[in-house]
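Q: Predicted model and sequence below, questions to follow.
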Amino acid sequence: MTSAEIRQHFLDFFKSKGHDIVPSAPIVIKNDPTLLFTNAGMNQFKDYFLGNKQPVNTRVADTQKCLRVSGKHNDLEEVGVDTYHHTMFEMLGNWSFGDYFKKEAIAWSWELLTEVYKLDKDRLYVTIFEGDKKENLPKDEEAFNEWKKVIAEDRILLGNKKDNFWEMGDTGPCGPCSEIHYDCRNDEERKQIDGKTLVNNDDPQVIEIWNNVFMQFNRLKDGTLQPLPAKHVDTGMGFERLVRVIQNKQSNYDTDVFTGTIAEVETITNKKYDFSDSKEAIAFRVIADHIRAIAFTIADGQLPSNTGAGYVIRRILRRAVRYYYSYLDYKQPLLFQLLPVIAKQFEHVFPELQQQVDFVTKVIKEEEESFLRTLDKGLKLIDDIITATNASSTKLIEGKIAFELFDTYGFPIDLTRLIASEHHLTIDEKGFEAALKEQKDRSRAATAIDTEDWITINESNSTFIGYNNLTTNTKIVKYRKIKAKGKEAFQIVLAETPFYAESGGQVGDKGLLEVGSWKLEVIDTKKENNLFIHFVETLPDDIDFSKEVIATVNRTTRKETSNNHSATHLLHAALRKVLGNHVAQKGSLVNDEHLRFDFSHFAKVTDEEIVQIEKIVNEKIRENIPVVIKEMNIDEAKAMGAMALFGEKYGNVVRVVMIDPAYSIELCGGTHVSNTGELGFFKIKHETAVAAGVRRIEAVSGKAAENYMNEQLQQLNDVKAVLGNPKDVMKFIDGLLVDRRELEKAQDSLISLKAHATIDRLVLKREKIGEIDFYHDIIINAGMDLLKKVYSSLGEFHTESKSLILLIGKEQNKVNIVLGNYNTDNLDCNKIIKEIVAPIIKGGGGGQKTLATAGGQDASNLNKVIETVKGLL
């Protein structure tokens, strides 16, 4: 049975049980501050479990793209070393939202595994929650009794809270779970050791394949458990592990999920994968795993970067590069060559990669090229570190140096450890761990938000009514206190709100909440799962929460923000007309001041193209086209040609924004103008590169565009006034530039003449100290350019002998110093400048071992500088 057939059998089975089959959510998480990536199949259904949203169907099933790079059994540095953990993986899952519970979930699990997949019943074990006295939780007798119907009691194992009580996080829905494990060992091994003793004991051949979570409780901030009003089922089955079991393989990487990728790596590198634990074999597994995580996150809209989710992707990519560079001896970009294989393999289940294969390929290739340059620098740095450490008595590489290699150059500690061991050196492991912990603590502290439990005032859902209303009378549903970076604030949820919550690149609304005599300023509005959350800095103790709330959005900022959002749609369509249909939105920011639009394109947008784009947008503004907004079925919208954004999760009913159907149709939940004429005017301010294959345009519309043009005209008038108001400004400036170049030539000639005169004087004053020729001079009215010219010119004539050159330039009260050596390995100019020379002139400086410079403000001890340096010789 192929992996594709195994996946389809799962979906077909649950469809036959009345489940809706839904598409995978994007792997990149939006509207959930607790997660960067989808790390479990249930993430997209959190609103249903939290009661924030009602499902269309109470039974659903899917296969979900997930990403895990930290936590239990998910250390990135272990992926590829073992044979059953991954960064990206597929999670097959079925869910019940207040519908069926343990009886059906357990019966169907057994039916699918033993009757559809035909797994050997004698190799299956199940676990149930044994209970927990501290939590006052009893043994899960209901699950135990259901399992007894299909499996022998000695195969039903009791699990503790750590293994068999699932929690979403520190707070939220949770409950007991029942795991299904499979014994992959051969018959001889099974006779020697009973499989049930290896369950949940990290045996690579006795593995968990399915987990049935029974959500019964809600964990509060104080740790107590409250029964949920409705009970839910959340199951997750690791697709890669299931395929391994059904295909009777000893490793996930031996299944057809990965063999196609591994075969392509063999072709590219001209090396063979040997199924062992060698570094070379691990490299094959790392590449086969990591390319999936990298490709699908980029396809879902997350580009590699130095922060947040982007940094995670960059780390994964760099780890793959390090492995093929070091262990497959492949010194050029490799990962990007695997994209056609991956895209083809998943085109029917996750088609978004095939639809963007050229773009994703370009991003990965440029990221690889960049890191290969950095890696080369890092290896050279390691050579210097090894030389310095060999010269020490400890033969120990400092922990902070190993951490710098890890943090700055992307070297994992195991690679540094390997290189060190090859040179009979060791690493200060404790020092490295301390530096790593310090960085992690800093990162956590910078992003940590402490949230208290919600205090519920009224039982009600949260509804947005702000497309047509900017003020409304409503009531407070709940509120809570939060603390971030030592500052307290409050979050409020209203039953009905006119405040738009940050989404789709558009910032959240600001405004006012009036509760009795109190006026609370809303400083931001965000969407957390399906809750519209209003941020206020203060919440008086004596406020009456039962009173009606008057919620009012700031009309001015909303209007200007809507202008810029509609302008973004006009811009997007114009870009596709001018640059081509490959242009796709990769990110945006829309607020009341400006708009920022990131899009896929592989070249700088020329000035001529910018003019064309602006012309099209402004023509559409002058046409005063009605902006038509309709809600419709997603299939109907796509049939009309509506553009959907990669990385967004859409429901069955979508909001379609049309600006002349022949020009622009997009799926969009943002706020917009009624007619394009309201924008007034559009102007592009900047066009830059953001990442490989991604460009960024910053622009303004409406009053902001008018203000921007007035500022530009004022600057031009100011420049003309300074130049004496010439008739042809550009011709006048060209003349000034010609004059400047002539002056620079004359200045260079004077510097050369003075340099040669100085060289003659230096040669006459040369002192021989041991084997070293010591050249020194104090030059009046000499800047750094002259000193460097003298140094380089002198070096041309004295490259054979050992020499030290000290040049001191004095300009009014400023001192410039150049210190350089030729052929003298035991003189460190950088150290001499920093530690000896700079303090004398009350300044600072530095450079390389062979050449360093300094600058200072004290010219009273210049002869002391010469005597001090001379004394060193």
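A: Yep, it's here.
Q: So which residue is smack in the middle of this protein?
A: residue 310 (1.6 Å; CA atoms, centre = their mean).
Q: How about that one: what's its closest non-neighbour residue?
A: What sits nearest to residue 310 in space, not counting adjacent residues and going by CB to CB, 6 or more residues apart in numbering, is residue 304, at 5.4 Å. (Each C-beta comes from the backbone N, C-alpha and C, glycine too.)
Q: Could you pull up the residues touching the one you found?
A: Contacts for residue 304 (CB atoms under 8 Å, 6 or more residues apart in numbering) come out as 298, 310, 311, 313, 314, 317, 363, 367, 691.
Q: Now it: which helix or strand?
A: Counting by DSSP states H and E, there is no helix or strand that carries residue 304.
Q: picking that back up, a helix runs through the residue nearest to the centre of the chain, doesn't it?
A: Yes. According to DSSP: H, G, I helix; E, B strand; the rest coil, residue 310 belongs to a helix.
Q: which residues of the stretch 51-200 of the chain fall in helices?
A: 102-111, 141-148, 161-164, 187-192 (DSSP state H, counting those that start in this stretch).
Q: Next, the buried residues of the longest helix belonging to the chain.
A: When the chain is parsed with DSSP state H, its longest helix is helix 729-765. Within helix 729-765, the residues that count as buried by 16 or more other CB atoms under 10 Å are 751, 754, 755, 758, 759, 762.
Q: Excluding its own residues, what touches stretch 147-167? List them.
A: Residues contacting stretch 147-167 (CB under 8 Å, 6+ apart): 106-107, 110, 121, 124-130, 132, 135, 137, 139-140, 144, 174-179, 196, 199-200, 211, 213, 215, 219, 234.
Q: among these, which ones are buried?
A: Buried among these (16+ other CB under 10 Å): 106, 110, 124-130, 132, 137, 140, 144, 174-179, 199-200, 211, 213, 215, 219, 234.
Q: quick one: low-confidence ranges for the stretch 301-450 of the chain?
A: By pLDDT under 70, the weakly predicted segments of the stretch 301-450 of the chain are 412, 414, 443-448.
Q: all helices in it, in order from the N-terminus.
A: All helices of the stretch 301-450 of the chain, identified by DSSP H, counting those that start in this stretch, fall at 308-327, 339-345, 352-355, 357-390, 399-409, 413-422, 429-447.
Q: got these as TSV, with distance to residue 657 columns?
A: Listed next are the helices of the stretch 301-450 of the chain as TSV, based on distance: least, CB to CB, whole Å:
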stretch	distance to residue 657
helix 308-327	27
helix 339-345	30
helix 352-355	22
helix 357-390	24
helix 399-409	44
helix 413-422	50
helix 429-447	33
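Q: just the ones you listed: most buried one?
A: With neighbours defined as mean count of other CB atoms under 10 Å, those peak in mean count at helix 308-327, which reaches a mean of 21.
Q: same for that helix, what does it pack against?
A: Applying 3 or more CB pairs under 8 Å, 6 or more residues apart in numbering; DSSP states H and E, one finds that helix 308-327 makes contact with helix 279-299, helix 357-390.
Q: How about the contacts made by residue 268?
A: Residues in contact with residue 268 (CB under 8 Å, 6+ apart) are 330, 334, 337.
Q: any idea how far residue 113 is from it?
A: Relative to residue 113, residue 268 is positioned 38 Å away (CB to CB, to the nearest Å).
Q: so which two of the contacts of residue 304 are the farthest from each other?
A: Farthest pair in those (CB to CB) is 311 and 363. Separation: 15.1 Å.
Q: Format the contacts of residue 268 as a markdown table; extra columns: distance to residue 863 and neighbour count.
A: Output for the contacts of residue 268, formatted as a markdown table (distance: CB to CB, whole Å; neighbours: other CB atoms under 10 Å):
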| residue | distance to residue 863 | neighbour count |
| --- | --- | --- |
| 330 | 59 | 19 |
| 334 | 60 | 24 |
| 337 | 64 | 18 |
